[in-house]
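Chemist: Requesting a structural model of the entry that follows:
(chains A and B)
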Amino acid sequence: MPLLEVDDVVVRFGGVTAVDHASFGSEAGRITGLIGPNGAGKTTCFNVISGLQRPSHGRVRFDGRTITRLPVHRRSRRGMGRTFQRLEAFGSLSVRDNVRVARDIHRGLGGLVRPARADVDGLLERVGISAYADERADSIPTGAARLLELARCLAADPRLLLLDEPSSGLDETETGAFGALLAELAAEGRGILMVEHDMSLVMAVCDDIHVLDFGRVIASGPPGEIRADPAVQQAYLGYADDDRTQEIEAVIS
Amino acid sequence: MSTIVSFTILGLFTGAAYAIAASGLVLTYTTTRVFNIAHGAFGMVMAFAFWDFSQRQGMPTWLALVLVLGVVAPGTGWLVQRFVTRGLGEGPVSVSLVVTVGLFVGLIGLAQYVWPPEPRTLPPFLPDRGVAIGDTYVTAHQVITIALSAVVAAALYLLLNRTRIGTAMRASVDNPVLLRLFGGNPDRVASLAWAIGISLAALAGILLTPVIGLSYYDLTLLVINAYAAAMLGRLTSLPLTFLGAMGLGILQSFSVAYLPTEGSLAGLRAVVPALFLFVVIVAMPQAQLRIGQVRGIVSAPVPSLRRSGGWGAALLGLVLVLAAAMSDSDLLLVGTAATYAMVMLSLVLLTGYGGHVSLAQFTFAGVGALAYAKLEEPNLYGLLVSALIAAGVGALVALPVLRLTGLYLALSTLAFGVLMDKMVFQAEFAFGYNGALHAERLSLLGRSISSLSGYVVVMTVFFVLMGMALLVLRRGVLGRLLIAMRDSPAACGTLGLDLRWFRVGLFGLSAGMAGLAGALFAGLRGTIGAADFQLFNSLPLLLLAVVCGVTSVSGAALGGVGLMLLPVLQGSRPELAGLVFAVLGFGAVALGRDPNGLANLAFGVGRRLEGRFGDTVRRVVPVLPLPRDRAGGDETTEIPLMEDLQEVGAHAAARG
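Modeler: Sure, this is the predicted structure:
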């Protein structure tokens, strides 16, 4: 059974249909890519899944239970974490405190009594931003801020990670390392659903891919199939650079 | 039968005036995302201007009307948008609320200064004309008002749906950046919206004045009725706003006709709009969390505990010395300043750290004071219970707006303040109409603090303790959470924080602090009444807190003294009473964007002086320590230890 099921979801903003009867899923231990041209409705789907946007129609199931009407924070407590396309770091806190806040929230009242420190630094280390630990979150480079959002997410130990364009702002080496981190997180049994524009990264790390266009899922399948799909090629001219894909694959293995 | 008809017509008349005012409010809010608390105050000033032109200067009515509605009001709107509210819509709600509250207070002050209190009358339009409907006589003024509301509705419809600039206005609601990309000019759209909005406020004010009189406060407070109407349209729908305004007008008119004038329900008539506002807010659908970071948040400096402890001790010492030498009337002033400072501390928590605005913080202090006087337990237990009751009431106010965003929370505090002012505080079970209650001074550990000087010192101790507690909180887990919540509510939600209950808790805690201050104030004064906790006092309180620095304990101390001095100043120079408010209000408009305020500036001056003259002074006085950032030390400022002094002494000796 998939960890996450998006079932026939429709989102309308006034007269515009941003998501049009979309159905897709994401499984535990696998990396799923959600791709499509700008304005295809990817981020809106994320908002529906994480509870920031109520769908006009359709259901979202997480871990076999319907969560369509569950408030944002309850979804998080069930094991869902997300990052944002437009950064939502706590700008006036230090990088370390950003992660600390996440840890405190996750531990609830226990966190109020005895805040943690060691594992927070461990998380910063893991995503590779220890160097920025004491800097204000709004002063670090975009790429690092995206990694910070990932670290913050991980502080709540989620079973499903929703990553919205996590690699934009990273250079090639960093992207390789990031791909390796994703593979590692999936190997721990976490499900990862990722909106991403870097096709090389997507083709290298994703186990499954769903393609959105004008709010509809126009194709689903493993990377090889998606790459060959004529409908995808027509909708989305973001071809992968095969050499780079191989480079990233090499880093991961 | 004729009663119903005549009260319906009266209701339609007031409803029509509310509709005109409310549609102006909706227009400015939807195009610029700035909720103009001062909307009614603008209407009031414009009504005064109209009186000035038509009555004092003797211009023909039509000319005065054209001047006010066509030149002064739109010009003011344009200026305000241009220089005051521009760009506020994208910032934190708390800043735009504070700035427009500043306009509110400033305009009242300005009106009092330009047109000092004296009886003024404004005749209705066509005073001798009217029509009879059955046995009810309808004045021409009423007919004109109702007709004008229809004209305004039609004109706004045509403007928004049939003109280019109107389309741009609607586009600007959705996305000003996109509008700019498509060649529109959001600034021009915003200026136009404010020009029209203020003109509509002016028109409503002018139409209502012959009926309710030319008063600084009544016209200004009418804005609450306009909010209530606009809320029904969720601040965006003009048709619903008109419906709400008419409904409210009729409801209010019928409550005047049919509600009892005696007994416990007598106060109900005055609070119908506030109740209406409450009900509409409670019935609003769940708000989505705001995604996208809020711009223009200024973070507060946090002093080390040691440093602030030092300041606290110094303050206490100062008060100890002063208390010994002061007369009773001066001591009362110091105690009052301490009370205000404590209420401001509650705003430091709520507004400075939490980013929420309360427009009725004095009302919570009043709840604490009332509870303390009623409990008749003049000891720590009574004090604690009073604070807890105030905290409970605060949580109760925040509870209905659990699902909504900051603006609605602030507006519901305003409605709550009106309710308490007009219905609860003056009721028999509370202070009574124009009544007062007796309150005993606090006793600590079984010993009553009977002397005024002792009591003032105890109040200062409470202020210092509250300030320290706040700083401990700020540096801890809760403080981080508060900042996180302010920086990105969406991220907090997705990390698992239940923002709604967290906010209720925060609001309750802040109200509890204000309640504690109120209870202590009751003990200070001995007798207290409803007049001590009027809603209107909460607005200068908020402004002074922001001007002096709502993010710091020192700002609260400074603000407390300032607020205590306001009436003293106004009492000694009555002719300047209005000007004081004007300066405060417009000062808040100027400083509202930086909540760190004067307190931070003052410390900044110290730092700048240090940078400029520090070395020179140290050359002359070699004992002075280096400032901490240049000494490379940690956060705490090291007080020079005995050894250092000895070392310096040895140096001096060696050189000598």
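Chemist: Which of the helices or strands spans A:Arg12?
Modeler: Secondary structure assigned from DSSP states H and E places A:Arg12 in strand A:4-13.
Chemist: Buried residues in that strand, which are they?
Modeler: Going by neighbour count (16 or more other CB atoms under 10 Å in any protein chain shown), the buried part of strand A:4-13 is A:4-7, A:9-11. Using the backbone N, CA and C atoms, a C-beta is placed for each residue, glycine as well.
Chemist: Number of residues surrounding B:Leu563?
Modeler: 24 (other CB atoms under 10 Å in any protein chain shown).
Chemist: which ones are touching it?
Modeler: By CB atoms under 8 Å, 6 or more residues apart in numbering or on different chains, the residues touching B:Leu563 are B:337, B:340, B:344, B:540-541, B:544.
Chemist: just the residues you listed now: which is nearest chain A?
Modeler: Of all those, B:Met344 has the smallest distance to chain A: 22.0 Å, by CB to the nearest CB.
Chemist: where's stretch B:59-66 relative to the chain centroid, distance-wise?
Modeler: 35 Å (CA atoms, centre = their mean, to the nearest Å).
Chemist: which stretches of the stretch 1-150 of chain A aren't confidently modelled?
Modeler: A:109-118 (pLDDT under 70).
Chemist: Let's see that with 50 instead.
Modeler: Within the stretch 1-150 of chain A, no stretch falls below the threshold (pLDDT under 50).
Chemist: Off-centre distance for stretch B:197-214?
Modeler: 23 Å.
Chemist: ok, residue 97 - how many residues close by?
Modeler: Just going to use chain A. Here the count is done by other CB under 10 Å, and A:Asp97 has 21 residues near it.
Chemist: nope, chain B please
Modeler: There are 27 residues near B:Leu97, going by other CB under 10 Å.
Chemist: Tell me the spatial nearest neighbour of the one residue sitting closest to the centre of chain A, not counting adjacent residues.
Modeler: The structure's chain A has its C-alpha centroid closest to A:Leu163; by CA atoms, centre = their mean the separation is 1.2 Å. Excluding its sequence neighbours, the residue lying closest to A:Leu163 (CB to CB, 6 or more residues apart in numbering or on different chains) is A:Met194, at 4.5 Å.
Chemist: does that neighbour count as helix, strand or coil?
Modeler: strand (DSSP: H, G, I helix; E, B strand; the rest coil).
Chemist: Tell me if I'm right that it and A:Ser26 touch.
Modeler: No - with contact defined as CB atoms under 8 Å, A:Met194 does not reach A:Ser26; the gap is 9.2 Å.
Chemist: which residues do these two both contact?
Modeler: If you check A:Met194 and A:Ser26 against CB under 8 Å, 6+ apart, the residues they both contact are A:Thr32.
Chemist: Could you break the chain into its assigned domains?
Modeler: You didn't pick a chain, so chain A it is. For chain A, automatic domain parsing gives the domain ranges A:4-79+A:158-252, A:90-155.
Chemist: try chain B instead
Modeler: According to automatic domain parsing, the domains of chain B span B:2-258, B:314-535+B:549-572.
Chemist: Give me the mean pLDDT for the first one.
Modeler: This points to domain B:2-258. Mean pLDDT, computed over domain B:2-258, is 88.
Chemist: what's the span of it, first residue to last?
Modeler: This stretch, domain B:2-258, spans 14 Å end to end (CA to CA, to the nearest Å).
Chemist: Can you give me the neighbour number for the closest residue to chain A within the stretch 1-150 of chain B?
Modeler: Using CB to the nearest CB, the closest approach of the stretch 1-150 of chain B to chain A is made by B:Pro92 at 11.9 Å. By the criterion of other CB under 10 Å, B:Pro92 has 21 neighbours.
Chemist: Which stretches in the stretch 501-650 of chain B count as strands?
Modeler: B:527-529 (DSSP state E, counting those that start in this stretch).
Chemist: What residues of the top helix by length along chain B count as buried?
Modeler: Using DSSP state H, we find that the single longest helix of chain B is helix B:2-32. Buried residues in helix B:2-32, counted by 16+ other CB under 10 Å: B:6-32.
Chemist: ok, now stretch B:314-334?
Modeler: Using 16+ other CB under 10 Å as the burial criterion, the residues of stretch B:314-334 that qualify are B:315, B:319, B:322-323, B:326, B:331-334.
Chemist: for these, which one is nearest B:Arg306?
Modeler: B:Leu315 (15.2 Å; CB to CB).
Chemist: Can you say which helix or strand has that closest one in it?
Modeler: Judged by DSSP H and E, B:Leu315 forms part of helix B:305-325.
Chemist: The next helix or strand after that helix packs against which elements?
Modeler: Counting by DSSP H and E, the element after helix B:305-325 in chain order, helix or strand, is helix B:328-347. Under the contact definition 3 or more CB pairs under 8 Å, 6 or more residues apart in numbering or on different chains; DSSP states H and E, helix B:328-347 sits against helix B:305-325, helix B:361-375, helix B:452-475, helix B:499-525, helix B:535-548, helix B:553-572.
Chemist: circling back to that earlier point, can you dump the C-alpha coordinates of the helix holding B:Leu315 into CSV?
Modeler: Output of helix B:305-325 as CSV, limited to C-alpha atoms (Å, rounded to 0.1, in the frame of the first residue of the first chain):
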residue,chain,number,x,y,z
LEU,B,305,20.3,38.5,32.0
ARG,B,306,23.2,39.9,34.0
ARG,B,307,23.0,43.2,32.2
SER,B,308,19.3,43.5,32.6
GLY,B,309,19.5,42.5,36.2
GLY,B,310,21.9,45.3,36.7
TRP,B,311,19.5,47.8,35.1
GLY,B,312,16.6,46.4,37.2
ALA,B,313,18.6,46.9,40.4
ALA,B,314,19.5,50.4,39.3
LEU,B,315,15.8,51.2,38.6
LEU,B,316,14.8,49.8,42.0
GLY,B,317,17.5,51.8,43.7
LEU,B,318,16.4,55.0,42.0
VAL,B,319,12.8,54.4,43.0
LEU,B,320,13.9,53.6,46.6
VAL,B,321,15.7,56.9,46.8
LEU,B,322,12.9,58.8,45.1
ALA,B,323,10.2,57.2,47.2
ALA,B,324,11.8,58.4,50.4
ALA,B,325,11.8,62.0,49.2
